[in-house]
Each structure stands twice: as C-alpha cells, then as structure tokens.
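Q: Here is a sequence with its predicted model. Questions after.
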Amino acid sequence: MKTILIKSALIVNEGQITIGDVLIKDGFIAKIASSIDVEADQEINAEGLHLFPGMIDDQVHFREPGLTHKADIFTESMAAVAGGITSFMEMPNTVPNTLSQELLADKYQIASEMSLANYSFFMGASNNNLDEVLKTNPLEVCGIKVFMGSSTGNMLVDNQAVLENIFKEAPILVATHCEDEQTIQRNLATYKEKYGDALTPSMHPLIRSAEACYISSSMAVQLAKKHNTRLHILHISTAKEVGLFDNTLPLKEKRITAEACIHHLWFDDSNYAEKGNWIKWNPAIKTSEDKESILSGILNGNIDIIATDHAPHTIEEKEQPYISAPSGGPLVQHATSALMEMYHQGKITLEKIAEKTAHNVAICFDIDRRGFIREGYWADLYLVNLNDPYKVTRQNVLYKCGWSPFEGQTFKSEVTHTIVSGNLAYMKGKFMTNETGKRLAFNR
C-alpha cells in the first residue's frame, strides 16, 4: 500500500484556507489533520505552499484519434498535469467524430494506456445518430456534446426536430456549444463583401457576434426548460448570456448550468492587434465589458465552472491568413497560473478558484469522490507556490503544438507538485509516467 504524506500545506478547500497535513494511502485521502506523525513511502514538505483540489477541466480537445499532428492524449495530459489539472473531459470532434458507442470506447481504451490525468469523454451528437446517443451510459460517461454552431463542420446539429429529441430524451447531461449559424454566415457574407480577402482577426468577434451567441444560448435554455433537460452551456463569452443563468439555487438543484473559459477571462478585443490568430477562438473573445461581466457572473454564481477549452493547432495552421486559420489554442499548462495571477490582481479569491475549478465541476457532473480535499476521496491534488515567477516561452511549453497564447507573460505562481489518483505524477519539472490516470465514474 503506497503512502504519501504532505506536511504543513496551506489547504484551500470548501471556502477556507487551513494549515495542515494530508496522508494519502492507496490512491485515497486517508487522513487530514493539523499534524500527522506517521512513516510514509514519500513525504512532501509543503510549508509555504498552497494545496488545491486538482482542477477538473470539463472541456478539452486533445485531438486523438485522427489529428495527432496537433496533439495527443499523452502530450496534452502531461501538460495538463504540469498545470495542476488532474482530470479532463474531452470533446468528440476528433477524426472520426465520436458519434458511435464503439468509437467512444476506442478513446477510453487509448486514455487507459496513455493518459497521465484522469479522464472522461463526451459522446457526440449529430443530425442522424440519436439512437447511438441514447445508448450512452450515465454512470460511465460525462455527457453528450451538441454543437449548435459551425465550429466543427459536420457535427453541427441544426435540425430543429433532432435538437428537440436530444433535449427531450437525453439520459444524461447535455453540453452545448452555442452560436447561431445563420447569424454567423450572414455576418461573414457582409464582411467579405466589404473587405474581400482583407479580413483580419479583429473582425472575428463581429462575425461570430454576441448576437449569434445569445440567439443560440437562449434557444438552448428554452429547450431545456421545455423538456427539463440537464443542460450545461459551455464557454460563455458575452455579458448578455450571463443573465440567462440562475444564481438563486444551490448548484445541486440547478438543471441549467454554465461554464466560462480562461481565455474569455484573460483577453479581450484589444488584444487582437498584438495576438491576432493566436487568440482566435470560437466563440470569439469579445469586449472588455463582456470579460468583466463573465467574471462577475463567476463571482455571483450565475456561471458555475471555469474550464479551458484547450484546443491546439499547429504553428503553421495558426500563421495562415485569418479566414483560413483554425479557431482554438492550447491552455491546460497555464490555466491555474493565469487564475492565480487574477488572484494576485485582486479579481478572485483562492477559495473561489478551488470552488469553480474543482468543487463545482464534481457537483455539476456528479463525479464520484473527486473535486474536494476530503477523507475517503480520491487524492487528486496540486501544490502551488504563489511566489515563484516564471515567463512563458516557446522553449518551456509542453504542448505538442509548441506554442502558447501566453507567450511573453510572466506569471507569479507555479505548480510544484501534482498528485493524480494518489500517484505523484509531476514534481518540479519532472514527470512520473509509470502510472496512468483513472476513468472518471459518476453518481447518477
């Protein structure tokens, strides 16, 4: 039975920060106390370090199978673990798209052999795979992903009858990407007519507009209310959308929840001049007012979860002209450092970071024994030094794509240790790759 003893950590958990020791035994948290005096296989001196429940990232694109020139489950889970992300939920727009139970099982098999972090995979929906969607096992799969926008081409669900049936019959949480396709295409035609081939990244939030997001998100909310669907809307990017969500109910009682992403909290449209396609995402990064409203929604409880939408593309792909460059970028390695930077800026508390990146994700998805620092729970933890500055460069990124939208940024805080299901997976730049993560289970 393998044991790890973490000594004298500043434990950030369930709304408070306390100094104490944590004993890990055989994968689980065995004891939490002000002082624990036992012999352990490994002891970590955490004096001056903050101990967080591992971030559970409910939206990543790790690109395997089919797009492994950009990323793969091994490389991206390694980057995630270095950033304190101990569990991830991966999206179905791989190649082939994850539109059958057989293809879903294939991804779980790859992860069982290659992932350094714990894992789950969304089942994908299309206009013609409802029978496969309804076979999804709620105890073993995080949710069903519906693209209500053109972000992924042939996975767009734009048939109203199919949408109604998914929302009516889904046996499990439905997670949506919400952008209205007609609005986007109309805007794109207008800008192409005006500017021809001279479109620039700064036009991205005008083409994939706030209106396009709100039309789609509000329709998803209406459908969910009509059918009592367990709906989770991903990557909220506008101030107007924040008002669609309730902050009066406890999270456990909510049937409609929302997520915000790191890039929508960090960047705004003033950054396109410098960053260009490197911050081209769908939904688009919009105004500073939108950014501030999203943060307020997080603090006020309208928005329940902070995630990454980690979606890498190669440098060559991103260096294409705006209209050809794909949307998305890598974030898992630097997400917690960015959040800690927002803490240093006085924008968010450490307790709120733990709540929105771990506690609430576990509650929202009914994850079995994860997301909290509690005795009897899986030991998914990371230690962070809040005063250990480092600068993001192309030389120190771990992503397979080899770049980061944060290049040139100096963060004040850095993850020092990450423990995944009781195994020390990362320590001060070194990875222990002899153990893989576990498949997430759900109490539904």
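A: Structure received.
Q: can you give me the helices in the stretch 101-250 of the chain?
A: Secondary structure of the stretch 101-250 of the chain, counting by DSSP state H, counting those that start in this stretch: helices at 101-114, 130-133, 160-169, 181-195, 204-207, 210-227, 239-242.
Q: list the buried ones in stretch 101-109?
A: Within stretch 101-109, the residues that count as buried by 16 or more other CB atoms under 10 Å are Gln101, Leu103, Leu104, Asp106, Lys107. Glycine gets a C-beta too; all of them are placed from N, C-alpha and C.
Q: contacts for stretch 164-171?
A: With CB atoms under 8 Å, 6 or more residues apart in numbering as the test, stretch 164-171 has contacts from 125, 130, 133-134, 136, 138, 144, 146, 157, 174, 223-224, 226-227, 229-231.
Q: What remains of the residues you listed if I keep only buried residues?
A: For those, a burial check counting by 16+ other CB under 10 Å picks out 125, 130, 133, 136, 138, 144, 146, 157, 174, 223-224, 227, 229-231.
Q: Single out whichever of the residues you listed has the smallest pLDDT.
A: Ranked by pLDDT, those bottom out at Val157, which scores 86.
Q: can I assume it is in contact with Asn128?
A: No - counting by CB atoms under 8 Å, Val157 does not reach Asn128; the two are 9.7 Å apart.
Q: Tell me the gap between stretch 78-88 and the middle of its chain.
A: From the chain centre to the centre of stretch 78-88 is a distance of 11 Å (CA atoms, centre = their mean, to the nearest Å).
Q: Straight-line length of it, end to end?
A: 12 Å (CA to CA, to the nearest Å).
Q: mean confidence for it?
A: For stretch 78-88, mean pLDDT is 98.
Q: before we move on, what about stretch 254-262?
A: 98.
Q: Figure out how far it is from the centre of its chain.
A: Mean C-alpha position of stretch 254-262 versus that of the full chain (CA atoms, centre = their mean) differs by 11 Å.
Q: Quick check: buried residues in that stretch?
A: Buried residues in stretch 254-262, counted by 16+ other CB under 10 Å: Lys254, Ile256, Thr257, Ala258, Glu259, Ala260, Cys261, Ile262.
Q: would you turn those residues into CSV with secondary structure and distance to Met91?
A: Output for the buried residues of stretch 254-262, formatted as CSV (DSSP: H, G, I helix; E, B strand; the rest coil; distance: CB to CB, whole Å):
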residue, secondary structure, distance to Met91
Lys254, coil, 22
Ile256, strand, 20
Thr257, strand, 17
Ala258, strand, 17
Glu259, strand, 13
Ala260, strand, 17
Cys261, strand, 13
Ile262, helix, 16
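Q: where does the stretch 51-200 of the chain dip in pLDDT?
A: Where the stretch 51-200 of the chain drops to pLDDT under 70, the residues are 149-154.
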